[in-house]
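Peer 1: requesting a structural model of the entry that follows:
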Amino acid sequence: MRTDAGEPSGYGRLQATTRPICSSVIVGGGTLAISCAQLAMEMGHDIRAVLCADATFANWTDRANLPCLSSVEELSSFLKTEPVKWLFSVANPFILPANVLGRISQGAFNYHDGPLPLYAGTHATSWALLAQESEHAITWHCINDGFNPGDIAVQRKVLVAPSETALTLNLKCHEAAVEGFRELLGGLAGGKLTTRPQAREYRSYFPRRQRPDAAGILRWDRSAQDLSAMARALDFGPHHSNPLCLCKALVAEEVVAVRRLDVLPRRSGFEAGRLLEIHPSHWRVATATHDVEVWFGSLDGEPLEAQALASRNDLAEGDALPVLSGDQARRLTAIHEEIAPSEAFWGRRLEQFKTVQLPYLSSGTANAPPAWQSSSWQVSNAVAELPPADGVEYLLTAWLIYLALVSGQIDLQLGWRPAPKPARARVKAAGAVIASAVPMEVTLDPAWDFKQTRKAVAAEIADLSKHDSFARDLVGRSPPLRHIEALRSQRPWPVGVAIAGQNSSVGPNSASTGRFEAALPGELVTFEVCAIDRRFRWHFDANRLAPEQIDRMTRHLETLLADVVADAAQPVGRIELLPREERTYLLEELNRTEADYPSHKCIHELFEAQVRQGPDRVALVHEAEALSYDELNARANRLAHHLIGLGVKPADRIATLLDRSVTLVVAQLAILKTGAVYVPIDRAVPLARQEWLMADCAARLVLSESKRVDLAEVTIPVVPIEPLAADPALSTDPGLRLSPEDAAYVMYTSGSTGLPKGVVVPHRAVNRLAINNEYLTIGAGDRVAWAGNPAFDASTFEVWAPLLNGGCVVVMNATTVLDASSFSKALERQKVTSLFLTTALFNQYTSSIAPTLSQLKYLLCGGERNDPSAFLRLLREEGPVRLIHCYGPTETTTFAATYTVDPMQEKALNVPIGRPIANTRVYLLDAHGRPVPFGAVGEL
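Peer 2: Modelled structure (predicted):
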């Protein structure tokens, strides 16, 4: 070991110093690595690079502008070209090979949190506390061809207090490590560092996989001091990961965490394990020596109320708690150590927790307790001739493809039941300390064929077999995992997979319901495959997944398997799921919406028919102004003749730059009578957008209230709408020969995904929306509020539904609509019977004016993602007569589907969009344009 003072003096990377500059590399992680790096720079070291073991150190090095390497291989390459004198290893999980250490010119040192040669290995502070040491130490030692065998350079003692925990002792060691590092750097700088060899005969070693006695379960027949040592040695505080296990207690058949244990100064004299006192927060329990008080928590890190814990396990004061025998404890320890090496693997998977959203859930009984059922075993001809192992892979691959297709997800994470180990089943409490479900992860590429997909599934099954399971307290020991609420459940994954072997089925026939439920890896449904005869079946919660749906899933899986047999080379994303009967049902039966409506007429012709039926009926109201059907028709006719005189021809686009008003209704009706197409422009949008819309639709002219309209970039004639003389000759219907297939209006989408798109809507489509539509019936006595923006398609319903059915349009001012109190008064004053609200206004007004809304005959809402609680608020008011949730993009002419909202669950997650309205067909398709199964996820 060379300990020369280093390079000549100079200027450090981050600050000036009068000491000589030494080049160094730091490898490790955590706050201790940061503290050591800061100290090294303060003492004149030029840190050439760092190899970070965690994000904490990496984030700091980024802020400190230090070169950060990503791997040991990158460090080795770096050292080939960068001369470095010293390497410091601080909380470092990496094994540094000879080709790295050999390129350090002066020497390498490692920090260890124990008094080497004692407590070599990992987690030295916890093992020292378990041994009830009164004194501890930290060590900086040389790295030769391994970590701990190197000579000791610096060792600093740390006193252990009687109440010391792993957290507090680690903090003391942190402080001692920094001061020890200062001593190490000083010795190197002064050339006075002396080292001594480790006394190998005293060496004790604790490998990473080693775990405390009985997996951390307290053994009441031990001394109170032993129990206290266990609790303190496993207390790493709420913000740090616990790398060993939680301190736990066996309570009846349940295992719970021990959050705190206090040794009392007295002995009760009762036998060990006697429950002496039950308090709301804690218990008092007898041990082999003094009594102890114990506070509990769940294995996922949440506090437990001690009295409730006793009640649910039927425990009373004076009862005896289970006491593990020495053999049981040894077996639990062995099991824990057997699964320990895979803990990091499972931790990474759990941090990426996700679920498959099976779409077939029933919301009606979603909050009811589980009602577990099992289907009968099924045999598929597609796998009947395969060897058993191949049959299992085949069926699991088919199931995963099915899940991907019906859920629309390709990154799947399911619950997997590890293969049962009979030896473990005979160990008391083993089932309570080992996870019964682990995450199975498969990413499916829809372009793969079945063989490629099966290969990925087989690789995952091998990985699952290799890594077995993990300790159930892993979630409670990891702060990142504790924040994932779903992981607090014993079965976080809705969908599970289990492979049954000889006498290892998860079926309910031979066990209690509780044990059956605990054996299921899926919280909603588990797909079980028998490894012996290649049969499969389902275990499911019938309160959330109907037996009929399970039967349907079985038919889907059979269809999928048959399609694979027919063409194994096809991409899995194109495999057929639907039996012929279901396909016919989806495409034909659900879309039998034909109903009579005047598809052979134009909008204005239907309006003119209403004029003839009731010329004196009120057609249009705006505040104090009212027009009868005859008056509205006459005004529209005069304007239509005027436009024709200006040269307007059928199919011309006429932009309307008008607010919601009587004038706008007159203008739209007049434009239709000329055979032209109205294009409503929102006056509130920026001028540049108005100009773009007019140019895009090739507007022939613009109708406005004034001739002075600022449209600098377009040269379109502006026609002011002025009162026209009541000339009887001009009040007659123009009577042009037009087709219901002709365009009636152009309305633009919002442009949220790019430029707005103009949607051309024919007369016939408006008739279908307004007449005999099955979702409501507007008649002569109905008054429909016009509260929507004229440039948005809701106005199509608000204007034409009443005017084509003999009803009345009630025009609402924009300021009135946006003020809850004014809007409520206007609705009541105008005796409005029907109202459409955007979802945002609906959510707001169900809180502020629900009594007024509940008096309506029809209340419709839609346009955005719904909030079920808003519907619930209104339903509590026992109104309106019909509450309708509407769905439909602009391209479908306002509404494509509607749902009449009936009484609903208090905790409903959404409100359906319902069924297609009359004369509308709705298809739910996959990415390849094929219908998806009934209830599955797809695109409309």
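
Peer 1: how about the contacts made by the spatially most central residue of the chain?
Peer 2: Geometric centre of the chain, nearest residue: residue 354, 6.9 Å, by Cα atoms, centre = their mean. Residues in contact with residue 354 (Cβ atoms under 8 Å, 6 or more residues apart in numbering) are 411, 413. Placement of C-beta: from N, CA and C, glycine included.

Peer 1: and what of the one 4 residues further on?
Peer 2: For residue 358, the contact set (Cβ under 8 Å, 6+ apart) comprises 403, 406, 407, 494, 495, 524, 525, 545.

Peer 1: test my guess that the fifth one contacts residue 520.
Peer 2: No: counting by Cβ atoms under 8 Å, residue 495 stays clear of residue 520, with 10.7 Å between them.

Peer 1: pLDDT weak spots in the stretch 701-850 of the chain?
Peer 2: Along the stretch 701-850 of the chain, segments meeting pLDDT under 70 span 707-714, 724-726.

Peer 1: which stretches of it form strands?
Peer 2: For the stretch 701-850 of the chain, strands defined by DSSP state E, counting those that start in this stretch occupy the ranges 718-720, 743-748, 758-762, 783-786, 808-811, 834-838.

Peer 1: could these go into JSON lines alongside mean neighbour count and distance to residue 925?
Peer 2: Output for the strands of the stretch 701-850 of the chain, formatted as JSON lines (neighbours: other Cβ atoms under 10 Å; distance: least, Cβ to Cβ, whole Å):
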{"stretch": "strand 718-720", "mean neighbour count": "15", "distance to residue 925": "45"}
{"stretch": "strand 743-748", "mean neighbour count": "24", "distance to residue 925": "25"}
{"stretch": "strand 758-762", "mean neighbour count": "18", "distance to residue 925": "20"}
{"stretch": "strand 783-786", "mean neighbour count": "24", "distance to residue 925": "34"}
{"stretch": "strand 808-811", "mean neighbour count": "25", "distance to residue 925": "37"}
{"stretch": "strand 834-838", "mean neighbour count": "24", "distance to residue 925": "27"}
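
Peer 1: the ones you listed: which one's closest to residue 820?
Peer 2: Nearest of those to residue 820, taken as Cβ to Cβ: strand 834-838 at 11.6 Å.

Peer 1: which strands or helices does that closest one pack on?
Peer 2: Strand 834-838 sits against strand 783-786, helix 794-803, strand 858-862, with contacts defined as 3 or more Cβ pairs under 8 Å, 6 or more residues apart in numbering; DSSP states H and E.

Peer 1: which of these is buried the deepest?
Peer 2: Sort the helices and strands packed on strand 834-838 by mean neighbour count, taking mean count of other Cβ atoms under 10 Å, and helix 794-803 sits at the top with a mean of 26.

Peer 1: CA atoms only: put that helix into CSV for me.
Peer 2: The C-alpha coordinates for helix 794-803 follow below in CSV (Å, rounded to 0.1, in the frame of the first residue of the first chain):
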residue,chain,number,x,y,z
ALA,A,794,-75.2,20.7,-28.8
SER,A,795,-76.9,23.7,-30.4
THR,A,796,-78.2,21.4,-33.2
PHE,A,797,-80.3,19.6,-30.6
GLU,A,798,-81.3,22.8,-28.8
VAL,A,799,-82.6,24.6,-31.9
TRP,A,800,-83.9,21.9,-34.2
ALA,A,801,-85.4,19.4,-31.7
PRO,A,802,-88.1,21.9,-30.6
LEU,A,803,-88.6,23.5,-34.0
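
Peer 1: report the angle between that helix and strand 758-762.
Peer 2: With axes from the mean of the first three to the mean of the last three Cα atoms, to 10 degrees defining the directions, helix 794-803 sits at 20 degrees from strand 758-762.

Peer 1: and helix 794-803, how far out from the chain's middle?
Peer 2: Centroid separation for helix 794-803 versus its chain: 39 Å, with Cα atoms, centre = their mean, to the nearest Å.

Peer 1: what does stretch 129-138 give?
Peer 2: Distance of stretch 129-138 from the chain centroid (Cα atoms, centre = their mean) equals 45 Å.

Peer 1: again, but for stretch 388-407
Peer 2: Offset of stretch 388-407 from its chain centre (Cα atoms, centre = their mean): 24 Å.

Peer 1: do the same with stretch 463-471
Peer 2: 25 Å.

Peer 1: and what of stretch 438-455?
Peer 2: Offset of stretch 438-455 from its chain centre (Cα atoms, centre = their mean): 22 Å.

Peer 1: got the CA coordinates for it in CSV?
Peer 2: Only the C-alpha atoms of stretch 438-455 are listed here, as CSV (Å, rounded to 0.1, in the frame of the first residue of the first chain):
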residue,chain,number,x,y,z
VAL,A,438,-46.3,-12.7,-6.7
PRO,A,439,-46.2,-10.5,-9.8
MET,A,440,-46.1,-12.3,-13.2
GLU,A,441,-44.9,-9.9,-15.9
VAL,A,442,-45.2,-10.4,-19.7
THR,A,443,-45.1,-7.8,-22.4
LEU,A,444,-46.9,-9.1,-25.6
ASP,A,445,-46.1,-7.7,-29.0
PRO,A,446,-49.2,-7.9,-31.1
ALA,A,447,-47.0,-8.5,-34.2
TRP,A,448,-45.6,-11.7,-32.7
ASP,A,449,-47.0,-15.0,-33.7
PHE,A,450,-48.1,-17.6,-31.2
LYS,A,451,-44.8,-19.3,-31.0
GLN,A,452,-42.9,-16.1,-30.2
THR,A,453,-45.4,-15.2,-27.6
ARG,A,454,-45.2,-18.6,-26.1
LYS,A,455,-41.5,-18.3,-25.9
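
Peer 1: domain map for this protein?
Peer 2: What automatic domain parsing lists as the domains of the chain is 9-206, 213-324, 351-577, 603-916.

Peer 1: the second one spans what distance, first to last residue?
Peer 2: Which is domain 213-324. 11 Å (Cα to Cα, to the nearest Å).

Peer 1: can I get the strands of the stretch 701-850 of the chain in JSON lines with distance to residue 693?
Peer 2: Listed next are the strands of the stretch 701-850 of the chain as JSON lines, based on distance: least, Cβ to Cβ, whole Å:
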{"stretch": "strand 718-720", "distance to residue 693": "15"}
{"stretch": "strand 743-748", "distance to residue 693": "6"}
{"stretch": "strand 758-762", "distance to residue 693": "8"}
{"stretch": "strand 783-786", "distance to residue 693": "21"}
{"stretch": "strand 808-811", "distance to residue 693": "23"}
{"stretch": "strand 834-838", "distance to residue 693": "21"}
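
Peer 1: for residue 121, which of those is the nearest?
Peer 2: Distance to residue 121, taken as Cβ to Cβ, is lowest for strand 834-838 among those, at 64.9 Å.

Peer 1: show me the helices in the stretch 801-940 of the chain, by range?
Peer 2: Ranges of helices in the stretch 801-940 of the chain, per DSSP state H, counting those that start in this stretch, are 814-817, 820-829, 839-848, 850-853, 868-875.
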